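Q: this one's structure only:
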């Protein structure tokens, strides 16, 4: 497919990605208080393996022995001191993972050295981090995030350094560049939300999007998924809201008029203004939203409105057994009071798990180039259920081949009960077919 | 129809928010003349304080409400006392920048304390659903609407009926006069700041349950509320209320019926533009030129200094680490953008808050050409710049009828509309994925910024130097003089035959082209351009602030100002210095902006240039002397004294009205070549109004004005000057910060449009016309040609004003009280000069003057006005003894002549 069409296809899916991540609660202390601690009554049968996860992922057994030998040096980049929303939980998760794994013998006995780089929300600083990675012999950027990777990725590409385990790519180059490995599934969340509404029996759903450059594409994809699920798209309503929070009464009035469910592909700041208007207009629709956006803070603030609402997730709820080590490590290594049930926290930890899974199976020298080759040939990257077992050797050809580096298209769900997000018993949903039902220009 | 009503009801809430936000904004403006961009931030602080008191201290709502309002009021009062009071004589621009500094400081403090999270606020208003016309609406929206209505009525009454309100109006009208009757402008301004800011706090507290409490939400609301305030001319609270509600309803209706992205949110800005176009004035009113402006450089550059600077910059690019090269790329690209602000705001005096949008438009054209059409970098850059030129000209259309703060709001609106409707439109920008620019090359040399940051930095440096040199040439040329003339005094510029709209269009168009180059360079430093992210128009406000801090009238200013931009050298340096103070960098930056505005309103560049000169002079002093340097002199061409083309001015049945007042009523007169016609009458007789109408500064309600048979009605003032009609002003209206020579050149320069382009490359100063040289000689100002006007004595300035009018080589000259303020000797000399203009040059002169001796001595004919009506006409002797004239001057109610009295004996009473 010509690159121009591929780029066109990129429209809007990226918006959803951006929206999901930009509201994932990077520095939200309160959010951390609300959701950071694992739920003691989390269901055991989440459908994901747990007991054998460490062995499968190559993560070390808890031997207590210190790692020795030449360190495997990785970098995690995130905006920390930034005018844009900062994500200290990405750096903290990476730091804790490094300490945790090294205290358990490292990777095949070698210590993991985690270099943290602050992108400051500035593409120049991102590029600087990339150059530093090349200069310092970094094996890969793991679990990193930037609002604008357009300067970073070319530098990494030139240095043959993988940008591995991204949860939430925004720039087109992250979806298409061969050094990029997107292991989060936030790309599939909108499709997951639409499909879930249909599966839940919504008969007249409303889809609410933000007025951005991606609007048309996001709408087209949603329609396509409706049709894929056998739902008459004419029975669905599509509504847009301005990106900055204001009185959304008019939009809410449209959204609740004759509908039974509302999916909001909107940020948490939009939910925060949307729900008071919905409350004042007496809306009772079942809500669907993105992980990190229809989040614990929103749910706790509007327990009645969000009752039975569904958060469509890129990563399973932190209460799940696949996060046992994560939760334990947060406690053991004095994690600061941040939102750990977030894309940033969960995404970074799972990215490291996937990285270790690949590296622990490598033989010979571990360099940026050998890792890149190993990652590109990995067919069963197993994180113990944090993300599905991934085949990184085959770029995704769906949606016109516009997003070849999206390796994870499976979503999970949380359900809101009394203002608390709880994992559902449902199997993870692979949205690949639903997404592939979209025909560019069709 | 039911749907329309339904959405109108739903729009009431949004309208109430706009109305509430606009009230405090207007109070501050009325009390101090400041457009407070920190208004939303001040309200935000009040809302947070209220929330803290309510939720954390668990106090009753009333206590929290009072605490929040008090906090906002206190911040407002402190903002005035600590910042704005020091800037009371500063330009509007300086005051806007100061409010930006306050905005940054307050938002930074809020971010440090609350982060980027959303804070939920429980509403204290009832939220019962009511169903007017069958549409469910929460009753709190109606309550908000009611509060906004009551507030607007209360404020209306406050400013109309109370001593405080009337005092505020008096101070706003004329600060000096108000002071003279015992009013304290400072105290009144402080109270208004406190009141307006308290209202901001109240509005923010009331609306925060609806829009939630976030650091920047209130500021976003205020931008839209400005439209309501503007509709009300920042004066009428009830009109602002109605306008806010109407805009809110209109926006919601558009939400329902318009599918194009950005249309609904652009409505407030469309309203702003419409208001300006239909209600603005083509020329400002009398006396509006007195605002102080930041000083302007001469545009003279020493090439060896430029070469040295470029060599140092290039050397640095070659040796510094890549992160510093990236910072230099950002610095030079932003500097180009700020250079565009130097042209449009520094030189032309047009306060534009849309420059980032213009830059983005150029980048958009270039980017799409590179991406969609595969154009190489250089042609795409050039076409992008050229494409921005007509858009800049479009921005100038409102500028023709708006100025100062109104223009600032209009350009902000235009830029924001561009952002909403183009940069966020998926069909136009290549989708959310943006525009991919590939690998730019320059003559086969790859300059991709990520791979070759040093190369790209050289390109940015080169572009800046080339454009700065072009702007310097333009500044020194005729175009620059025209820009400065319009900047300093639009009325005076028009009176010299300069097309004020033409100059504004040129300034906007040129600045748009320059901004587009900067925008394209900024955009192409990345592989993918995300226009909505890169060119958010709100940054335009900050950009003006950076330009102002750097020195908005100086070519060095953009380089200094650009270091304040994110990702620039300044940011890189502050990252290095303040590595342990990351959380406070924004706060420190805001504080620095405020301090810089307070310390130096001409910008850092002016001070730096002065210091460099001082250092240079010290070095020069160490060198062996080669004799005394002769003082700078102007070599004048030979003078030529030729009689002007003889033309007769006929005014027939001229009537001028201001509202219900008739200033000139059916007056006819003629001014013939070589004769001096006096126009006299008591104060308020309509003399200046007649001159204004004849010269096109005031529209005539009825009557005709012809010059040698050519009808002048409908012609602009500039065209009337070019037709042969020139004037002086009672208040002189000279270009005070220019030299005497530049004042004369501004008057005598040829008006060809080609010079607008040629000046950018090769400015040509044609020799002064022989007639102007003769005028210089006649008025004996040859020794003062290089002096700045404000350094001249009052008498010299009076003479210069007439000389400048003569320099346009008029056939008919209208002099408005040329002898006002002069001593007897100077007046007598002036009388001889005026006489020679008529006798030797053949100019027809219409002389308005109170000094009856002067009038009686020099005039051939005299026309007398009283209350706008011509009461007498004739020779001085006839007029002197006219009973009606004497009666008018002595104020007698009947028409009985005063035995033995003559008009010239009354000069003491009616004259000086």
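A: Thanks, I have the structure now. From a predicted model like this one, the values you see are computed outputs, not experimental measurements.
Q: which stretches of the chain have low pLDDT?
A: Picking chain A for this. By pLDDT under 70, the low-scoring segments of chain A are A:1-66, A:83-84, A:213, A:441-442.
Q: ah, I was thinking of chain B
A: B:1, B:116, B:173-182, B:259-262, B:279-292, B:431-434, B:579-583, B:585, B:623-632, B:890-912.
Q: Check the gap between the most centrally placed residue in it and residue B:490 for me.
A: The centroid of chain B falls nearest to residue B:404 when counting by CA atoms, centre = their mean (3.2 Å). Distance check for residue B:404 against residue B:490: by CB to CB, to the nearest Å, it reads 11 Å. No exception for glycine: its C-beta is placed from N, CA and C like everyone else's.
Q: Now for whatever residue of the stretch 251-400 of chain A ends up closest to chain B, how many residues are close by?
A: Using CB to the nearest CB, residue A:280 is the residue of the stretch 251-400 of chain A that sits closest to chain B, at 3.4 Å. Neighbourhood size, residue A:280 [other CB atoms under 10 Å in any protein chain shown]: 25.
Q: Mind listing the residues bridging to the closest residue to it other than its chain neighbours?
A: Spatial nearest neighbour of residue A:280, excluding adjacent residues (CB to CB, 6 or more residues apart in numbering or on different chains): residue B:138 at 3.4 Å. With DSSP bridges as the criterion, residue B:138 is bridged to residue B:129.
Q: which residues touch residue B:138?
A: A:249, A:280-281, B:13, B:127-130 (CB atoms under 8 Å, 6 or more residues apart in numbering or on different chains).
Q: Residue B:867 too?
A: By CB under 8 Å, 6+ apart, the contact list for residue B:867 reads B:665, B:684-686.
Q: can we see that at 7 Å?
A: By CB atoms under 7 Å, 6 or more residues apart in numbering or on different chains, the residues touching residue B:867 are residue B:685.
Q: again with the one 10 residues further on
A: Residues near residue B:877 by CB under 7 Å, 6+ apart: none.
Q: buried stuff in the helix or strand encompassing it?
A: Using DSSP states H and E, the element containing residue B:877 is helix B:876-880. For helix B:876-880, burial by neighbour count (16 or more other CB atoms under 10 Å in any protein chain shown) applies to B:876, B:879-880.
Q: mind checking how far the nearest residue to residue B:549 once chain neighbours are set aside is from residue B:590?
A: Counting by CB to CB, 6+ apart, residue B:549 lies nearest to residue B:596, which is 5.0 Å off, once chain neighbours are set aside. From residue B:596 across to residue B:590, the span is 11 Å (CB to CB).
Q: one step back: now the residue nearest to the centre of chain B. Nearest residue, chain neighbours left out?
A: Residue B:404 sits nearest to residue B:92 (CB to CB, 6+ apart), 5.5 Å away.
Q: now do residue B:349
A: According to CB to CB, 6+ apart, the nearest residue to residue B:349 is residue B:487 (3.0 Å).
Q: One more: residue A:417?
A: Going by CB to CB, 6+ apart, residue A:417 has residue A:307 as its nearest residue, at 7.0 Å.
Q: Next: residue B:603.
A: Closest to residue B:603 by CB to CB, 6+ apart is residue B:551, at 2.7 Å.
Q: need the contact list for the one you found.
A: B:557, B:560, B:602-606.
Q: The same query, at a cut-off of 8 Å, please.
A: Contact analysis of residue B:551 by CB under 8 Å, 6+ apart lists B:294, B:297, B:557, B:560-561, B:602-606, B:608.
Q: ditto for residue A:429
A: Contacts of residue A:429 by CB under 8 Å, 6+ apart are A:192, A:195-196, A:410-413.
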